[in-house]
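Student: fold the following, please.
(2 chains)
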Amino acid sequence: MAEIKTEYYKQNAVKAIGDPILQNALSNVQNRLGPATALCYQKLAEGPDLRLKAHKIREFAVNNLDILLPVLAQKIRDRGGKVFFARNAEAATAYCLEVARENRIKMVVKGKSMVTEEIGLNQVLEANGIEVNETDLGEYIIQLAGESPSHIIAPAIHKTRKEIGRLFTEKLGIPYSEDPPVLTQAARKFLREKFLKAGMGLSGCNMACAETGHITTVSNEGNIRMSTTLPKIHMAFMGMERVTARLEDHDVLFRLLSRGAAAQNMAGYVSYIGGPRTPDQLDGPDQFHLVILDNGRSRILADPEFREALFCIRCAACLNVCPAYGKIGGHSYGYPYSGPIGAVITPLLTGINRAKDLFLGEPLCGACKKACPVDIDLPRMLLALRAKAAYGDHQWAVTRVNPREKFLFEIFSILIRNRKLYDLAMKAGVFFQKWLPRKQGMISHIPFVFKGWTQSRDIKPLARTNFLTLWKNRNQKS
Amino acid sequence: MGNDKPVTLFIQCLVDGMYPKVGEAVVRLLENLNIPVDIPMDQTCCGQPAFNSGYRREALVAARRFIEIFEKARVIVCPSGSCVDMVKHQYPVLFKDDPAWQRRALAVSRKIFELTEYIVDVLKIEDVGASFEGTVTYHDSCHLLRNLGVADQPRKLITKVRGLKLIEMENAQKCCGFGGLFSVKFPDISTAILEEKIAHIIAARADAVVGCDISCLMNIEGMLKRKNVSIKTLHIAQLLAGP
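Tutor: Residues are numbered from 1 along each chain as shown, chains lettered A, B, ... in the order given. Down below sits the predicted model:
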């Protein structure tokens, strides 16, 4: 399982905000991809409402996982593939390790996969003496640097080409360059040798199809196709929700996935894999394994309030428009899934109390819902998580996160019930605010619960006479 | 122009308590259009602060009260996108397990309008006869824009103001970083988002920044004042009602 550091959200956010290189990178990625994806949706032949159709497709599939997954598994087994249903991260990594040991694997190549980040696969393999090579360029860079991905599809956006140049000189021994083609060529040369030597290729799965019994991978670098066809063994990992009923569903979903992820009409490589090489095929792996991972997803599936979170196809479009992600970057979320989707699924997968800052620490602006290619109502689920945190919840084992705040809202609910009491409270506010420091008619410091506001902002004082009283006075005069 | 049937005003808590001049401008604006206003004197808060923080039971108290006070109204107008969104879209969710109250919530949700939405879409008025010498830039508030779909209405009203030039800022539709209690609980993230908004406002080189939600304007004004920037913040009612 990946290391969970969700409780450091605030501290990590402050660090990220103070890093000018990261700020520049985040603003570049958001300004480039956010509007471009929105424009792509507008230009769809079916119009942006295709997202609503995609939502229905995902809803149907997730509601029928109990039928679709066994059908998918049976079709792959019929072709000689192996399917393993992993209850949790430990079972998934143990299965991979077992297959690697049986086949005396010393080195693996890997296509980019968030679900393997979730289960901490690289760490387990490396701890058991197996060399792991990430082959997606971004993942390769952060692996060399010993870091973790900061964006779901652009894992190394937090690094500049100068940093990458120095990293390559240090780790690969090439002369220093900050020219992207030179650096890419260097990575390509090193990775080619790994592809040819690796005994096993690992990949994720963008979407499986029950009707045909395939998994599908998409990429722009061709590395996933090489990872899944050159080594003698291919093992793919998928979250149990990543399946659709029909092949025609993939047409809609992959067009939207490519637009959501990179404002592309379609990714450069789309591969359908349904089993090992058949006897009449010259190329391809002799063994094909599919690991279908639960790791907390059944629990999400069982809760109608959060089931919609499983519709996600991991394109990262919500990251590219989120004002909070745009300032704090992916590492602040303390788990592989970042941005608005991370703020919803990370607490559900790792614990709501521990990850509470993820769903409290964003302004609920709603941009994520509009950017989502499958129209997931993330703001609704952020609010639902906040309700669980406010009162505690037995089903999700949540304890109330802030009893003092609960008390304040109880007072609030008494005040708003009675206009006379409400007016009295405002009068008290007007009375007490005269001790607060002022500058040009604005209050420049408020203590206690509201001090966060005046950290960077002034605030207008309460009016001596509120609007309703002014209105009453006017009507009495006339 | 207009009609003689009264509208019932919901003046949200921030306007009531901190910006009464905005409330007066709303009244003046509607009266200029020959629309009598009715303002229930026992109104308080729609409950949004509690709801957005997860306190649904406390928000329910506010919602029931709001419905009781306003359900007799012919039409409800409010100078805030996020409060209207709360009543229109969140009340029915709050009452999901209470069909009788949910029916009442849905009835109220059908007759509440944000101010500019009401003037442009219902009254079909774009020119309210206002004038303003200078340039303004417009900030789209999140819930108004994305949950109510109101973006053109305020711009239509603004561009019809005599003597005024509208300068669009970059990323006008991006959040200002307010987010209710988020701004107090996560001041560093809120500030970072607001800094970007302020930079775009300054770059637009307008005399004033105009918006339809006082909460965003309070946030923007707070930092402009802190930084000693002389750009004014105006609620759209203040711009349209004249002095």
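
Student: can we go C-alpha only for contacts and neighbour counts from here?
Tutor: Will do.

Student: quick one: the helices in the stretch 251-400 of chain A?
Tutor: Secondary structure of the stretch 251-400 of chain A, counting by DSSP state H, counting those that start in this stretch: helices at A:297-302, A:325-328, A:339-350, A:356-360, A:367-371, A:378-391.

Student: which pLDDT value goes with the residue nearest in space to the middle of chain B?
Tutor: Taking CA atoms, centre = their mean, the centroid of chain B lies closest to B:Ser80, which sits 1.9 Å from it. With respect to pLDDT, B:Ser80 scores 98.

Student: what's the answer for the one 3 residues further on, then?
Tutor: At B:Cys83, the predicted lDDT confidence score is 98.

Student: is the one helix or strand it maps to positioned near chain A?
Tutor: In the assignment (DSSP states H and E), B:Cys83 maps to helix B:81-85. No: with CA under 8 Å from any CA of the partner chain as the criterion, chain A is not reached by helix B:81-85; the gap is at least 10.3 Å.

Student: so which of the helices of the stretch 251-400 of chain A is the most surrounded?
Tutor: Among these, helix A:325-328 has the highest mean neighbour count (mean count of other CA atoms under 10 Å in any protein chain shown), at a mean of 26.

Student: tell me the domain boundaries of chain A?
Tutor: Domain ranges of chain A: A:6-298, A:403-477, per automatic domain parsing.

Student: one more: chain B?
Tutor: B:7-120, B:127-241.

Student: with just CA atoms, put stretch A:165-185 into CSV.
Tutor: Extracted in CSV, the C-alpha atoms of stretch A:165-185 (Å, rounded to 0.1, in the frame of the first residue of the first chain):
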residue,chain,number,x,y,z
GLY,A,165,19.1,17.8,-17.1
ARG,A,166,21.0,17.7,-13.9
LEU,A,167,19.2,14.5,-12.8
PHE,A,168,20.1,12.7,-16.1
THR,A,169,23.7,13.8,-15.8
GLU,A,170,23.9,12.4,-12.3
LYS,A,171,21.9,9.2,-12.8
LEU,A,172,22.6,8.3,-16.4
GLY,A,173,26.1,9.8,-16.8
ILE,A,174,25.2,11.7,-20.0
PRO,A,175,26.7,15.2,-20.6
TYR,A,176,24.5,18.0,-19.3
SER,A,177,21.7,19.2,-21.5
GLU,A,178,18.4,20.9,-21.0
ASP,A,179,17.1,20.3,-24.5
PRO,A,180,13.9,18.2,-24.3
PRO,A,181,14.7,16.1,-27.5
VAL,A,182,18.2,15.3,-26.2
LEU,A,183,16.9,14.3,-22.8
THR,A,184,14.1,12.2,-24.4
GLN,A,185,16.6,10.5,-26.7
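
Student: quick one, strands of the stretch 201-350 of chain A?
Tutor: Ranges of strands within the stretch 201-350 of chain A are A:207-209, A:214-219, A:233-239, A:243-244, A:269-273, A:287-293, based on DSSP state E, counting those that start in this stretch.

Student: an error on my part: the question was meant for chain B.
Tutor: Secondary structure of chain B (DSSP state E): strands at B:7-9, B:37-38, B:76-78, B:112-114, B:131-138, B:162-166, B:208-211, B:232-235.

Student: what sits up against the third one?
Tutor: Contacting residues not belonging to strand B:76-78 are listed as B:7-12, B:70, B:84, B:111-115, B:118 [CA atoms under 8 Å, 6 or more residues apart in numbering or on different chains].

Student: mean pLDDT and mean neighbour count added to the strands of the stretch 201-350 of chain A, as JSON lines?
Tutor: What follows is those, written out as JSON lines (pLDDT from 0 to 100; neighbours: other CA atoms under 10 Å in any protein chain shown):
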{"stretch": "strand A:207-209", "mean pLDDT": "98", "mean neighbour count": "25"}
{"stretch": "strand A:214-219", "mean pLDDT": "96", "mean neighbour count": "22"}
{"stretch": "strand A:233-239", "mean pLDDT": "98", "mean neighbour count": "24"}
{"stretch": "strand A:243-244", "mean pLDDT": "98", "mean neighbour count": "28"}
{"stretch": "strand A:269-273", "mean pLDDT": "96", "mean neighbour count": "17"}
{"stretch": "strand A:287-293", "mean pLDDT": "98", "mean neighbour count": "23"}
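
Student: let's have those in CSV, adding distance to A:Ala316.
Tutor: Shown next, in CSV, are the strands of the stretch 201-350 of chain A (distance: least, CA to CA, whole Å):
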stretch, distance to A:Ala316
strand A:207-209, 15
strand A:214-219, 14
strand A:233-239, 16
strand A:243-244, 18
strand A:269-273, 18
strand A:287-293, 20
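
Student: ok, which of the ones you listed comes nearest A:Tyr95?
Tutor: strand A:287-293 (8.4 Å; CA to CA).

Student: just the element for A:Trp471, please.
Tutor: Here A:Trp471 is assigned to helix A:467-477, by DSSP H and E.

Student: ok, longest helix in chain B?
Tutor: helix B:187-204 (DSSP state H).

Student: dump it to CSV, restricted to CA.
Tutor: C-alpha atoms of helix B:187-204 as CSV (Å, rounded to 0.1, in the frame of the first residue of the first chain):
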residue,chain,number,x,y,z
PRO,B,187,-6.1,30.9,4.8
ASP,B,188,-2.9,30.0,2.9
ILE,B,189,-4.7,28.2,0.1
SER,B,190,-7.5,30.8,0.0
THR,B,191,-4.9,33.6,-0.2
ALA,B,192,-2.9,32.0,-2.9
ILE,B,193,-6.1,31.7,-5.1
LEU,B,194,-7.1,35.3,-4.3
GLU,B,195,-3.6,36.6,-5.1
GLU,B,196,-4.1,35.3,-8.7
LYS,B,197,-7.5,36.9,-8.9
ILE,B,198,-6.2,40.2,-7.7
ALA,B,199,-3.4,40.1,-10.2
HIS,B,200,-5.9,39.6,-13.0
ILE,B,201,-8.1,42.5,-11.7
ILE,B,202,-5.1,44.8,-11.5
ALA,B,203,-4.0,43.8,-15.0
ALA,B,204,-7.4,44.7,-16.4
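
Student: could you look up the SS state of the closest residue to chain B within the stretch 151-300 of chain A?
Tutor: Closest residue of the stretch 151-300 of chain A to chain B, CA to the nearest CA: A:His158 (17.5 Å). The three-state assignment at A:His158 reads coil, by DSSP: H, G, I helix; E, B strand; the rest coil.

Student: measure the closest residue to it other than its chain neighbours to A:Leu358 for me?
Tutor: Closest residue in space to A:His158, ignoring its immediate chain neighbours: A:Leu22 at 5.2 Å, by CA to CA, 6 or more residues apart in numbering or on different chains. Using CA to CA, to the nearest Å, A:Leu22 is found at 20 Å from A:Leu358.

Student: show me the helices in the stretch 51-200 of chain A, by range?
Tutor: Under DSSP H, counting those that start in this stretch, the stretch 51-200 of chain A gives helices at A:65-78, A:89-102, A:114-119, A:121-127, A:137-145, A:161-172, A:180-197.

Student: can you report phi and psi for A:Met442?
Tutor: With angles defined as degrees, to the nearest 10, A:Met442 sits at phi -110, psi 150.

Student: give me the neighbour count for the nearest residue to A:Phe168 once chain neighbours are set aside.
Tutor: Leaving aside its sequence neighbours, A:Phe168 sits nearest to A:Ile174 (CA to CA, 6+ apart; 6.5 Å). Using other CA atoms under 10 Å in any protein chain shown, the number of residues around A:Ile174 comes to 14.
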